[in-house]
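# after the sequence you'll find the predicted model.
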Amino acid sequence: MIKLRSDDIFWRETKGEIIALDAAASRYFSANATAMTLWPQMEAGTTETALVDTLCRRYEVARDVAEAAVAAFLAQLDERGLLGHDDVS
């Protein structure tokens, strides 16, 4: 299950993007409209397959393109410590 870390992360949708604050690390993170499509699912808890399916439906892209985009996005979130500890891609 992939889920955003629940402690000390505050986010808001603004002007077609996500702006998130990791209060514990005092860092901001911004994500584009494509990521904004995935963010609510990740807050609730989801799977990598479900995220890929969402991009395929929403943007009508090939599955391999969506898989690469999701993998890159998850890597960014993980690198910044924004994913929960029990998450498995």
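That came in fine, so what should we check first? Since this is a predicted model, take the numbers as computed values, not measurements.

# buried residues in stretch 11-23?
Judged by neighbour count using 16 or more other C-beta atoms under 10 Å, the buried positions of stretch 11-23 are Trp11, Ile18, Ala20, Asp22. Where you see a C-beta, it was placed from the backbone N, CA and C, and this is true even at glycine.

# next, count neighbours for the spatially closest residue to the last one that is not a sequence neighbour.
With C-beta to C-beta, 6 or more residues apart in numbering as the criterion, Asp22 has its nearest non-adjacent residue at 5.7 Å, and that residue is Ile9. Burial of Ile9 is recorded as 18 neighbouring residues (other C-beta atoms under 10 Å).

# what does Asn32 give?
By other C-beta under 10 Å, 11 other residues sit near Asn32.

# so what pLDDT did the residue nearest to it when sequence neighbours are not counted get?
Spatial nearest neighbour of Asn32, excluding adjacent residues (C-beta to C-beta, 6+ apart): Glu17 at 5.6 Å. At Glu17, the model reports a pLDDT of 91.

# Glu17 pairs with what?
For Glu17, the beta-bridge partners are Thr14 (DSSP bridges).
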